[in-house]
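J.: I would like to see how this sequence folds:
(chains A and B)
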Amino acid sequence: MHELSLAQGIVEQAVASAAQADAKRVVAVHLKIGRLAGVEPGALLFCYDDASKGTMLEGSRLVIHDVPLVVWCAHCLREVELPGVQSLRCPTCQTPCGEILQGRELQIESLEIEP
Amino acid sequence: MSQTRIVQVRAGILKKNDELAHALRARFEAAGVFVVNLVSSPGTGKTQFLERTLGDLVAAGVRTAALVGDLETDHDAQRLARSGAPARQINTHGRCHLEAEMIGEFLGEWELSTLDFLFIENVGNLVCPASYDLGEAMRVALLSVTEGEDKPLKYPTMFNSADVAVITKIDLAEACEFDRAAAHAAIEEVRPGMTIVEVSAKRGTGMDDWMTLLHARRAAWRRLREVPAPA
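T.: Below is the predicted model:
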């Protein structure tokens, strides 16, 4: 369970960014989490409530935007979105695709603040 | 209700770890030490495999050392020290993975330029260590024949983040009715083209292949970092 570490990292950075923007309060934090990032959203939301207590982020919403797994198919010569993370294979031509273009993100995108 | 506004952040959640890992990698490269991060479930045989690896390298006159992470106890460092290579224990006290900060702290003033290889044995866990870069040059995911051939499909993030897969306890394959082809196929499914080595640290099976791979990877890594001579 590394979601608590992740939640603490989110809080630390969001507090710094919010302070820099002269925020009075943070209403929401938007994340981009790739399908292959290995994060359990439920656990992250649970840990976030705890990690944000007593900070400017207390009571804010944590909004998780899923990023699909997208690979490069060297046979079809195009980007393909994969339906799951258990098979890195082009659904059209069945070629194994090792080049990942998207899906590993663990990113804080933006904050919604009350100035 | 007061007006809200959007502030763009666009920063990695693990930015702090990534920055520390980046600095460690630069330090390892400057010292010429090839760092290997070993990850697996608990009970795969990481410590036994590493003890054998260190012993074989020491016997061949290769300068090597290890850092080993565990929740509690220093049993693993004691076991590894039997190989003759220096080993330091990192106790994470409940943390389920190693982080770059811990590596920096436990390396302390260790003179890294006296080493050819440094092995980091991560905490036994196939989920969390995947996200934490330790500045390593090579990540190795281990899987034992007693665990089930579909493990890579259950933990795709970890296997996908690794450079090499090592199948351990291969001496027990027959007794466990281990389906070798199915295991290779599962690895290929989540990490196309990944190199796979099969070993028994107890019997020594496959250790030559593993040694060859280690030396080849280190040589390739060094070549990449060589400054070309001025024309």
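J.: Extract the CA atoms of the longest helix along chain B and return them as CSV.
T.: Ranked by residue count and defined by DSSP state H, the top helix of chain B is helix B:207-225. Provided in CSV are the C-alpha atoms of helix B:207-225 (Å, rounded to 0.1, in the frame of the first residue of the first chain):
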residue,chain,number,x,y,z
MET,B,207,24.0,-18.7,-12.8
ASP,B,208,26.5,-18.6,-15.7
ASP,B,209,23.8,-17.1,-17.9
TRP,B,210,23.0,-14.5,-15.2
MET,B,211,26.7,-13.6,-14.8
THR,B,212,27.1,-13.2,-18.6
LEU,B,213,24.0,-11.0,-18.7
LEU,B,214,25.3,-8.8,-15.8
HIS,B,215,28.7,-8.2,-17.4
ALA,B,216,27.2,-7.6,-20.8
ARG,B,217,24.7,-5.0,-19.5
ARG,B,218,27.3,-3.3,-17.5
ALA,B,219,29.6,-3.1,-20.5
ALA,B,220,26.8,-1.7,-22.7
TRP,B,221,26.0,0.8,-20.0
ARG,B,222,29.6,1.9,-19.8
ARG,B,223,29.9,2.2,-23.5
LEU,B,224,26.9,4.5,-23.6
ARG,B,225,28.5,6.8,-21.1
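J.: what's it in contact with?
T.: B:29, B:32, B:34, B:36, B:52-53, B:56-57, B:60, B:116-117, B:137-138, B:164, B:166, B:195, B:197-199, B:201 (CB atoms under 8 Å, 6 or more residues apart in numbering or on different chains). Backbone N, C-alpha and C define where each C-beta goes, glycine included.
J.: again, 7 Å this time
T.: B:29, B:34, B:52-53, B:56, B:117, B:137-138, B:164, B:195, B:197, B:199 (CB atoms under 7 Å, 6 or more residues apart in numbering or on different chains).
J.: Now which of those residues would you call buried?
T.: By neighbour count, with 16 or more other CB atoms under 10 Å in any protein chain shown, these hold B:29, B:34, B:52-53, B:56, B:117, B:137-138, B:164, B:197, B:199 as buried.
J.: Now B:G55: closest residue in space, sequence neighbours ignored.
T.: Leaving out its chain neighbours, the residue that sits closest to B:G55 by CB to CB, 6 or more residues apart in numbering or on different chains is B:S83, at 4.1 Å.
J.: OK, contacts around that neighbour?
T.: B:51, B:54-55, B:58.
J.: Buried among these? Need that as a selection in PyMOL.
T.: Those of the contacts of B:S83 that count as buried under 16+ other CB under 10 Å are selected in PyMOL with:
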select buried, chain B and resi 51+54+55
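J.: Neighbours of B:I90, how many?
T.: 23 (other CB atoms under 10 Å in any protein chain shown).
J.: Tell me how far the host helix or strand of it lies from the chain's centre.
T.: If you go by DSSP states H and E, B:I90 is part of strand B:87-91. Here the centre of strand B:87-91 is set off from its chain's centre by 15 Å, with CA atoms, centre = their mean, to the nearest Å.
J.: Report the mean per-residue pLDDT for the helix or strand following that strand.
T.: Of the helices and strands lying after strand B:87-91 in sequence (DSSP H and E), the nearest is helix B:100-107. Confidence over helix B:100-107 (mean pLDDT, whole number) is 96.
J.: so the residue lying closest to A:G38 once chain neighbours are set aside is in which element?
T.: Leaving aside its sequence neighbours, A:G38 sits nearest to B:T157 (CB to CB, 6+ apart; 3.4 Å). B:T157 is part of helix B:156-161 when elements are defined by DSSP H and E.
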